[in-house]
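A.B. asks: Build me a structure from this.
(one chain, ligands or ions: 1)
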Amino acid sequence: MAGLSLKHIYKEYVGKSKSKKGSSNQRFGDFMAVKDFSLEIEDGEFIVFVGPSGCGKSTTLRMIAGLEEITSGQLYIDGKLVNDVTAKDRDIAMVFQNYALYPHLNAYDNISFGLKMRKIAVEKTNENGEPVLEIDQKRVKELRSKVKNLKRTLSSATEEEKPALEEILDEAVKELDYYSLTPVQAYTYRHMTKAEIDEKVKWAADILGINDLLFVKPSEMSGGQRQRIALGRAMVRGPKVFLLDEPLSNLDAKLRTTMRSEIVKLHKKLKTTFIYVTHDQIEAMTMGTRIVVMKDGVIQQTDTPTDLFDYPENKFVAGFIGTPQMNFFDVTVSSTASRLVVKFPDGQTQSYPLSEFSRLDKEYLDGKEREVVLGVRGENIYFGDDGIEVTLSVKEVLGNTTQLFVKMDNDEKDYIICAAGRNSYEQGDLLKIKFDVSKMYFFDKETERSLLKKPTFDRG
Ligand code: ATP
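C.D. replies: You can find the predicted model right below:
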């Protein structure tokens, strides 16, 4: 188990051929895939990276795994700087979308494959059974490289970053001095016994409910079963951190929902740090204890699922989280002594009690007319006898809810309303709509930042 600290991480692909997707011959210019990514992940958290395709989620995950070099910034796992630690020495297990199982091996052999290769440390003793102490050359080598890297990072660090880095360097030098001079318990390394391997495989199989599959080959399994085997293979390694890269995207919708809750249960049982990449906001909302929303290589917001939904910091997050997408109206707002007046794209106006908008930036309440974006989710729009006039263009009955697409005069956009149950409205009907005033969001037209301050009270 481990916490992670990512500090100002950047990833630049320098005119490299694209190896991950697409043609291997395709050439690209320099490209900054991840920019200034900073995040503290606590031990045992379930963090989800979410964002549209190409936003840098997998690249960040691969940097954590050690499969991709970090261009600049620092990555700490369990307080240890690991920028230059190889993937196999990071104590991390990764589960991929394509499972990466060996087709010719049954589930048992797939799960135990890594264990058979692996050596475990055993305390070295002399003929009297006393501990043998030696200088730990491996550790000394690692610490030398850590000190070297820290010095290099320090030489290009900003004045702001320097004090923290100097402190870390100081600690590393002290540690290096200590281990260079002090003999410590020596270890020998041996392969795991058949019984030890068997115990681990059975443990994982019990948790994942795959005992019946242990002697079945992947080709005879369903996608969900294969995914469980891939999880088992990661579990038996006892990693400090689990990295999961879109592990459910090859499954059908029903199985995805089942596996989603199984992974959440697995996280609760293992109590290990999970970092999960997906482009599916429903997966993110239902699985993560915290979600990192990314766009164009940049973190947009890091928050709990409910706070992301309730308090989006910008228009992108507001539009990305929630189904169907939040409606965005290009409006102008102005205020009187007690009312906020909103003018809609077709010229209709509505006024709301100013007291309802205590979180709205004061600048927007100074009486001047300002162009902003108003955001309202479909489920926070109601029909009434008065309100904004719209025309119903499309109606979709989904069973327990009905989605209605409406238009305003002289406005190309469709706005979506989610109404509970059924209704008798028909295409072409003129309707009047009202908003839940407490669920109206405002965004700056240029920067797209939210104009509502996040409440500071403890929401529990
Ligand atoms: P997806 O959901 O499609 O996997 P993602 O958010 O995980 O997307 P990344 O795979 O991290 O995105 O890619 C981020 C950006 O970096 C993309 O624009 C991608 O084309 C680019 N990229 C990824 N790998 C390479 C590479 N090896 N060389 C050059 N560019 C790359």
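A.B. asks: list the contacts for the residue sitting nearest the centre point of the chain?
C.D. replies: Closest residue to the average C-alpha location of the chain: residue 49 at 1.5 Å, with Cα atoms, centre = their mean. Residue 49 makes contacts with 57, 60-61, 275-278, 292, 294, as judged by Cβ atoms under 8 Å, 6 or more residues apart in numbering. Glycine gets a C-beta too; all of them are placed from N, C-alpha and C.
A.B. asks: try residue 37
C.D. replies: Contacts for residue 37 (Cβ under 8 Å, 6+ apart) come out as 6, 8-10, 56, 60, 73, 297-299.
A.B. asks: Are any of those residues buried, and if so which?
C.D. replies: The neighbour-count test (16 or more other Cβ atoms under 10 Å) applied to the contacts of residue 37 identifies 6, 9-10, 56, 60, 73, 297, 299 as buried.
A.B. asks: Show me those residues that map onto strands.
C.D. replies: Of the buried ones among the contacts of residue 37, the ones assigned to strands by DSSP state E are 6, 9-10, 73, 299.
A.B. asks: can I get the residues you listed in JSON lines with distance to residue 243 and pLDDT?
C.D. replies: Compiled in JSON lines, those are given as follows (distance: Cβ to Cβ, whole Å; pLDDT from 0 to 100):
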{"residue": "6", "distance to residue 243": "13", "pLDDT": "96"}
{"residue": "9", "distance to residue 243": "15", "pLDDT": "94"}
{"residue": "10", "distance to residue 243": "19", "pLDDT": "94"}
{"residue": "73", "distance to residue 243": "18", "pLDDT": "91"}
{"residue": "299", "distance to residue 243": "17", "pLDDT": "98"}
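A.B. asks: so how far is stretch 186-203 from its chain's centroid?
C.D. replies: Distance of stretch 186-203 from the chain centroid (Cα atoms, centre = their mean, to the nearest Å) equals 33 Å.
A.B. asks: Quick one: mean pLDDT over that stretch.
C.D. replies: Taken as a whole, stretch 186-203 has an average pLDDT of 92.
A.B. asks: what's next to it, contact-wise?
C.D. replies: 108, 111-112, 115-116, 118-124, 131-134, 136, 211, 214, 232, 235-236.
A.B. asks: buried subset of the residues you listed?
C.D. replies: Neighbour-count burial (16+ other Cβ under 10 Å) applied to the contacts of stretch 186-203 gives 108, 111-112, 115, 136, 214, 232, 235-236.
A.B. asks: Out of those, which one has the lowest pLDDT?
C.D. replies: The member of the buried ones among the contacts of stretch 186-203 with the lowest pLDDT is residue 235, at 88.
A.B. asks: Would you check how far apart the nearest residue to that residue once chain neighbours are set aside and residue 346 are?
C.D. replies: Nearest residue to residue 235 in three dimensions, chain neighbours excluded: residue 204, at 4.5 Å (Cβ to Cβ, 6 or more residues apart in numbering). Applying Cβ to Cβ, to the nearest Å, one obtains 60 Å for the distance of residue 204 from residue 346.
A.B. asks: Those two - which one has more neighbours?
C.D. replies: Neighbour totals were compared for residue 204 and residue 346, and residue 204 leads with 21 against 13 (other Cβ atoms under 10 Å).
A.B. asks: Pull up the gap between residue 120 and the ligand, please.
C.D. replies: Applying Cβ to the nearest ligand atom, to the nearest Å, the value for residue 120 to the ligand is 34 Å.
A.B. asks: show me the residues around residue 255 that make contact.
C.D. replies: Counted by Cβ under 8 Å, 6+ apart, residue 255 has contacts 222-224, 248.
A.B. asks: out of these, which is most surrounded?
C.D. replies: residue 248 (25 neighbours).
A.B. asks: Just give the closest residue to that residue, not the sequence neighbours.
C.D. replies: Distances taken as Cβ to Cβ, 6+ apart put residue 256 closest to residue 248, at 4.7 Å, once the chain neighbours are dropped.
A.B. asks: Is the one you found in a helix, a strand, or coil?
C.D. replies: With DSSP: H, G, I helix; E, B strand; the rest coil as the basis, residue 256 sits in helix.
A.B. asks: rewinding a little: filter the contacts of residue 49 down to the ones close to the ligand.
C.D. replies: Of the entries in the contacts of residue 49, the ones placed beside the ligand under the rule of Cβ under 6 Å from any ligand atom are residue 57.
A.B. asks: now the contacts of residue 49 in a markdown table, with pLDDT?
C.D. replies: As requested, the contacts of residue 49 are exported to a markdown table (pLDDT from 0 to 100):
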| residue | pLDDT |
| --- | --- |
| 57 | 95 |
| 60 | 97 |
| 61 | 96 |
| 275 | 96 |
| 276 | 96 |
| 277 | 95 |
| 278 | 94 |
| 292 | 97 |
| 294 | 97 |
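A.B. asks: Looking at the contacts of residue 49, which one is closest to the ligand?
C.D. replies: Here the nearest of the contacts of residue 49 to the ligand, counting by Cβ to the nearest ligand atom, is residue 57; it sits at 3.8 Å.
A.B. asks: does that closest one really touch residue 294, like I thought?
C.D. replies: Yes. Here residue 57 lies in contact with residue 294, judged by Cβ atoms under 8 Å, at a distance of 5.8 Å.
A.B. asks: Between those two, which contacts overlap?
C.D. replies: Here residue 57 and residue 294 have 49-51 as joint contacts, going by Cβ under 8 Å, 6+ apart.
A.B. asks: In strands, which of these fall?
C.D. replies: Taking DSSP E as the definition of strands, those contribute 49-50.
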